[in-house]
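Q: Pasting the sequence and the predicted coordinates here, then a few questions.
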Amino acid sequence: MSDPAPFSRLGFGVTGPHASLAVSRRGTQRLIAEAIDLGISLFDTGPAYGRGEGERRLGEALRGRKRDSLFITTKAGIDIDRHRDFSAGGVEMSVRGSLERLGTPYVDLLLLHGPSAADMSDRLIRRLDALRDRGMIRQIGVCGRGPELDAAIDLGVFDVMMAPVHAGLDAAALARLARAAEAGLRVIGIEAISASAAPGLRLPASRADLWYLARAAKHALTGTKTQRITAPPGGALKWALAQTGVDAVVCLTTRSANLAANARQAGLAAGAGNPQLSGTDLPGAP
């Protein structure tokens, strides 16, 4: 495994509404700039988000900034048309497209986006090693939710695992996180706040609110189950960061107040001096 590069305990996800018309490009760029000012250096995106729009926005927002102070994560295996392709050639093409959209010569971490055990072939791993040798990627990892992550841990070739980290995880999922850390993988958590968001409808106040409302409606129409849990004492983000072996948690927000609140909960020094939020600006709201 390669030497670990530093990244902040809190990450910013350039996904969802930030890869759509729900948030303007200028709005996304403003939040990314605010995130950097708060001490966030970890930024996560992928080609499947808005047909590459998330990557393009992140690249535009980071243009001109010191590259070695940032940790950029993108994904491969699900392309811009949301087709699965974990072939060695398909993944290399995906990486080349991502680098072009991001406007960077390399990414710090490339995550295989939900591969099956069979997808993680010897040929693919050799190609990933070759891309690393060429300087196009610094580290390799896997992003998933279930038993495919066990197969990834057993392979012993990955640097990072990205997986849900929230208080609703069952014993097997919690054990998987611990096993990944024991195997030397750094763990980046996702869905810490979204799983604990308060349910219920509210009147949309922005295009981003409409995006969340549309997503909820889609889940209802398709029968997709969205797990909702009661936030643990101290807050969902704080709970996730306190779990053994969890190195960072990536959060998605469209609001400056929530971004600052998340930074405070993650203990980022730049966020510690921000004023307390009012009762209507709860940490983790979209």
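A: Noted; the coordinates are in hand.
Q: From now on I want contacts and neighbour counts done on CA atoms only, so please keep to that.
A: Noted.
Q: is it true that Val95 lies in a helix?
A: Yes: assigned with DSSP: H, G, I helix; E, B strand; the rest coil, Val95 falls within a helix.
Q: got a list of what the nearest residue to it once chain neighbours are set aside touches?
A: Nearest non-adjacent residue to Val95, counting by CA to CA, 6 or more residues apart in numbering: Ala76, 6.8 Å away. When contacts are counted by CA atoms under 8 Å, 6 or more residues apart in numbering, Ala76 touches 46-47, 86, 91, 94-95, 110-113.
Q: Quick check: the two most widely separated of the residues you listed?
A: Of all pairs drawn from the contacts of Ala76, the one with the longest distance (CA to CA) is Gly46 and Phe86, at 14.5 Å.
Q: Looking at the two, which is more packed in?
A: Gly46 (31 against 24; other CA atoms under 10 Å).
Q: pretty sure the more buried one contacts Gly54?
A: Yes: here Gly46 reaches Gly54: they are 6.7 Å apart, a contact under CA atoms under 8 Å.
Q: what is in contact with the two at once?
A: Common neighbours of Gly46 and Gly54 (CA under 8 Å, 6+ apart) are Thr15.
Q: which residues of the stretch 151-286 of the chain fall in strands?
A: 160-164, 186-190, 246-251 (DSSP state E, counting those that start in this stretch).
Q: right, and these - which one's nearest Arg26?
A: Nearest of the strands of the stretch 151-286 of the chain (CA to CA): strand 246-251, 19.3 Å.
Q: Just the angle for that closest one relative to strand 186-190, thanks.
A: 30 degrees (axes from the mean of the first three to the mean of the last three CA atoms, to 10 degrees).
Q: other SSEs contacting strand 246-251?
A: strand 10-13, strand 42-44, strand 186-190, helix 236-241 (3 or more CA pairs under 8 Å, 6 or more residues apart in numbering; DSSP states H and E).
Q: just to revisit the earlier point, quick check: bridge partners of the residue nearest to Val95?
A: Beta-bridge partners for Ala76, by DSSP bridges, are Leu112.
Q: where's it relative to Asp68, distance?
A: 22 Å (CA to CA, to the nearest Å).
Q: What's opposite the residue lying closest to Gly189 once chain neighbours are set aside in the beta bridge?
A: Spatial nearest neighbour of Gly189, chain neighbours left out: Val249 (4.4 Å); criterion: CA to CA, 6+ apart. Beta-bridge pairing of Val249 under DSSP bridges involves Leu10, Gly189.
Q: tally of neighbours for Pro232?
A: 15.
Q: any idea how far it is from Leu177?
A: 18 Å.
Q: How about Ala171?
A: Counting by CA to CA, the gap from Ala171 to Leu177 is 10 Å.
Q: who has more neighbours, these two?
A: Leu177 (27 against 8).
Q: Isn't that one up against Asp247?
A: No: applying CA under 8 Å as the test, Leu177 and Asp247 come out as separate, 10.7 Å apart.
Q: what residues do these two have in common as contacts?
A: Joint contacts of Leu177 and Asp247 (CA under 8 Å, 6+ apart) are Val187.
Q: how close does Lys238 sit to Val14?
A: 21 Å.
Q: Revised request: answer the last question for Met93.
A: 21 Å.
Q: same question, Thr73
A: Distance from Thr73 to Val14, by CA to CA: 10 Å.
Q: Now list whatever residues contact both of those two.
A: If you check Thr73 and Val14 against CA under 8 Å, 6+ apart, the residues they both contact are 43-45.
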